[in-house]
Every structure is written in C-alpha cells, then in structure tokens.
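**Q** Quick one: sequence plus predicted model below, questions after.
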Amino acid sequence: YIGEYAFWDCTALSSITLPTAIRTLALSAFDRCGSLTELALPEGLEVIAQSALTRTSLTTLALPSTLIAFDNANELFELEEITVAEGNTHFRSADGVLYERRGDGKWDLSYYPWAKQDTTYRIPDFIDDFYWGPQVLMGIDGGVDRYKPLPYLRTVDIGLHQVADPAHLEQEIGMDPANP
C-alpha cells in the first residue's frame with residue numbers, strides 16, 4: 001500500500017519500481033511528481049486511486065493484469081500510450097487507448113491519452129455502445145466546469161458518424177447536452 005499523498009510534490013523523483021507486495025496506490029500517492037517519467041507497476045497491483053499519478057511526466061503507462069480499479073484520468077498531460085497486460089478482465093487497450101469493462105459486461109472507452117499524437121480515432125469493433133466515450137473525448141477535466149481539449153485529435157469515427165471536432169461531439173451525434 002502506497003498511502004495518500006505519500007510522494008506528493010516530490011519534484012525530483014524521476015523513476016520508481018514498486019515492489020510486488022503493493023496492491024494499492026492511494027489518493028494522490030504520486031501527485032505533482034513532475035519529473036516522474038518511469039514507473040513500473042507490479043503484477044499484483046489492484047487499485048490506482050483518484051489522482052494517484054496526476055501531474056507526472058509519464059508518457060507511457062503499462063497496467064498489470066491484476067488491476068481492477070483505475071480512477072486517474074485527470075491531468076496526465078504527457079501520457080501518449082496506455083497498455084494493459086494480457087489476462088486483465090477489467091481493462092484492455094487498443095492502439096494505446098484504455099477501455100474498461102462496465103458492470104453490464106460491455107466495454108467502454110475509459111481514457112484517451114491526452115498527448116497521443118494521432119489526429120484520427122476510430123472506435124474499435126469490440127465497443128457495443130458509446131456510453132462514456134463522448135465525455136472522454138471532450139478532453140481532460142481541468143477543474144470545475146473546465147475541460148482541456150485533446151490537442152491532436154481532430155476526427156473521431158464512431159462507425160455511423162464522422163465527428164470533425166471532439167469538443168462538439170455531443171452536438172455532432174445528435175445528443176442534446178441539456179436533455180441527455
């Protein structure tokens with residue numbers, strides 16, 4: 001267990017290898033470790049709590065097969081790719097994008113890496129419906145009522161629609177934000 005705020009604001013920390021006994025990265029465990037570019041997550045890790053990796057300089061993140069909870073989509077501004085170890089039944093990745101299995105067994109878009117440099121994204125065939133995807137593709141929550149748009153993504157192909165601007169995704173696919 002890496003506790004809440006354990007390494008918070010350790011600005012000189014650049015790499016860390018966690019022991020296999022670690023099961024949880026608690027709230028803000030590595031938050032504000034701006035020099036952190038290498039992090040080896042061990043098999044056996046089950047939970048990455050909210051803001052555990054926020055405001056680090058990680059460009060890649062390899063999630064273990066044992067991970068069952070990942071609540072860290074905010075402010076990973078350097079992240080270009082997420083991979084998931086084979087055998088994980090809760091998460092999967094495709095082309096560096098993270099998907100999560102919902103309670104109903106369906107896969108949904110969980111996290112599109114903010115620094116991923118692709119300009120086009122196609123929703124994979126294993127996605128049954130596009131439930132949380134529009135919110136994920138609108139950008140990263142930058143605070144109360146603010147989103148920081150994805151800088152490179154320009155076109156989203158959801159199979160039936162081409163969306164030219166992810167910031168206006170809800171309007172493009174005919175959803176009324178006032179009446180979801």
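**A** That came in fine, so what should we check first? Worth saying up front: this structure is predicted, and the values here are computed from it rather than measured.
**Q** Identify the residues contacting the residue most central in space within the chain.
**A** Here the mean C-alpha position of the chain is nearest to the C-alpha of residue 111 (C-alpha atoms, centre = their mean), at a distance of 3.3 Å. For residue 111, the contacting residues are 70, 73, 82, 97-98, 136, by C-beta atoms under 8 Å, 6 or more residues apart in numbering. All C-beta spots, glycine's among them, are computed from the backbone N, C-alpha and C.
**Q** worst-scoring helix or strand of this structure, pLDDT-wise?
**A** Here the helix or strand of the chain ranked lowest by mean pLDDT, DSSP states H and E is strand 162-163, holding a mean of 42.
**Q** What residues does residue 13 make contact with?
**A** 7, 30, 33, 35-36.
**Q** State the distance from it to residue 38.
**A** Relative to residue 38, residue 13 is positioned 10 Å away (C-beta to C-beta, to the nearest Å).
**Q** same check, this time on residue 108
**A** Taken as C-beta to C-beta, the span from residue 108 to residue 38 is 29 Å.
**Q** Comparing the two, which residue is more hemmed in?
**A** residue 108 (17 against 13; other C-beta atoms under 10 Å).
**Q** does that one really touch residue 99, like I thought?
**A** Yes - using C-beta atoms under 8 Å, residue 108 is in contact with residue 99, at 6.5 Å.
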